[in-house]
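K.L.:
Would you be able to build a 3D model of this:
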Amino acid sequence: MTEVFLLLGSNRGEREMFISRALEMIETRVGKVRMKSGLYETDPWGFTDAVAFLNQVVEIDTMLEPENLLEQLLAIEVKLGRIRPFDGCGCSFPASPAEAEPGIIKAPAYAGRTIDIDILFYGPRLVFTDRLMIPHPRLHERSFTLIPMNEIAPEFVHPLLKKTISVLLKECRDQAGVRAI
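P.N.:
Numbering: from 1, shown residues only. So this is what the prediction gives:
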């Protein structure tokens with residue numbers, strides 16, 4: 001079993017229900033949830049939106065390899081109504097509606113969502129592929145990730161930056177609002 005840390009977030013519809021359903025599906029499809037942080041209401045990061053996110057970090061045990069884990073998490077997101085862009089940076093969007101592919105729904109890179117599940121850490125492993133980067137490449141810049149992660153694993157050492165979560169939180173310059181609920 002490998003301990004894995006995930007970040008769950010929602011800012012559409014019944015936010016708590018989407019996080020709760022995602023946790024149930026993670027338990028069924030991915031592995032045992034060992035610990036979870038409290039819920040935090042957080043300002044959107046990287047875009048503006050009238051609705052705040054609910055975020056939670058969970059630690060799970062899983063037998064799945066990183067790519068298989070990603071596939072299962074993406075399937076959970078789809079089942080819960082997530083629309084994900086084809087290109088994470090939004091670079092491949094058509095210049096005009098006329099260039100769009102019929103029947104394909106595209107969303108901006110950062111947008112509101114029913115559920116988002118990010119793999120933060122997969123034990124001490126480093127994974128850098130075309131589809132997956134572990135540790136999550138921006139987690140050390142985001143207080144909405146570090147605060148709940150610090151609640152459940154303050155001494156976990158980032159395998160690339162070689163710093164604990166508590167140190168990364170102290171060094172984080174992100175001033176976005178993060179409120180425990």
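
K.L.:
Every contact and neighbour count from this point should use C-alpha atoms.
P.N.:
Noted.

K.L.:
distance of the most centrally placed residue in the chain from Gly13?
P.N.:
Centroid-nearest residue in the chain: Asp118, 2.6 Å away (criterion: Cα atoms, centre = their mean). Per Cα to Cα, to the nearest Å, Asp118 is found 19 Å from Gly13.

K.L.:
and stretch 165-180, which residues are buried?
P.N.:
Buried residues in stretch 165-180, counting neighbours by 16 or more other Cα atoms under 10 Å, are found at Ile165, Ser166, Val167, Leu168, Leu169, Val178.

K.L.:
And the strands in the chain, which stretches?
P.N.:
Taking DSSP state E to define them, one finds strands in the chain at 2-10, 31-36, 40-42, 53-62, 116-122, 127-128, 133-134, 178-180.

K.L.:
could I get those strands as JSON lines with distance to Ser20 and mean pLDDT?
P.N.:
Listed next are those as JSON lines, based on distance: least, Cα to Cα, whole Å; pLDDT from 0 to 100:
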{"stretch": "strand 2-10", "distance to Ser20": "10", "mean pLDDT": "92"}
{"stretch": "strand 31-36", "distance to Ser20": "11", "mean pLDDT": "97"}
{"stretch": "strand 40-42", "distance to Ser20": "14", "mean pLDDT": "92"}
{"stretch": "strand 53-62", "distance to Ser20": "10", "mean pLDDT": "96"}
{"stretch": "strand 116-122", "distance to Ser20": "12", "mean pLDDT": "96"}
{"stretch": "strand 127-128", "distance to Ser20": "28", "mean pLDDT": "96"}
{"stretch": "strand 133-134", "distance to Ser20": "24", "mean pLDDT": "96"}
{"stretch": "strand 178-180", "distance to Ser20": "17", "mean pLDDT": "92"}
